[in-house]
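Colleague: The sequence and its predicted three-dimensional model are supplied below.
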Amino acid sequence: MESQIVNTQLLQQARVLDVDEQIELVDAIWDGIVSRGATPSLTEAQKTELDHRLADHLANPDDVVPWSEVKAAALAKIRQ
């Protein structure tokens with residue numbers, strides 16, 4: 001499901017990186033997008049889900065997991 005506007009040579013170079021390097025690349029690209037003030041458009045389903053999650057958080061503010069734990073768990077799962 002790749003976009004046809006993707007530079008295929010660049011994508012091939014990224015695919016030979018190990019997982020940690022690919023994640024670093026994605027983080028760097030995302031940081032660049034954010035630094036330019038760009039924000040992705042949300043679908044109605046995404047807006048509804050965010051509203052649901054916000055309402056759940058407001059109702060249960062202590063039911064949270066720190067980002068560092070979530071990221072570590074995701075990375076550990078990827079490396080399995």
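Modeller: Noted; the coordinates are in hand. None of the values given here were measured: they were computed from a predicted structure.

Colleague: any idea how far V26 is from the residue sitting furthest away from the middle of the chain?
Modeller: Distance from the centre of the chain peaks at A59, with 25.3 Å (C-alpha atoms, centre = their mean). Between A59 and V26 the computed distance is 32 Å (C-beta to C-beta, to the nearest Å). Yep, even glycine has a C-beta here, placed from its N, CA and C like the rest.

Colleague: do Q9 as well
Modeller: For Q9, the distance to V26 - C-beta to C-beta - is 18 Å.

Colleague: which one of these two has more residues nearby?
Modeller: More neighbours surround V26 than the other of Q9 and V26, with 11 against 8 (other C-beta atoms under 10 Å).

Colleague: distance between the helix-or-strand element of the chain with minimal mean pLDDT and the chain's centre?
Modeller: When each helix and strand of the chain is scored by mean pLDDT, DSSP states H and E, helix 8-15 comes last, with a mean of 92. Helix 8-15 has its C-alpha centroid displaced from the chain centroid by 19 Å (C-alpha atoms, centre = their mean, to the nearest Å).
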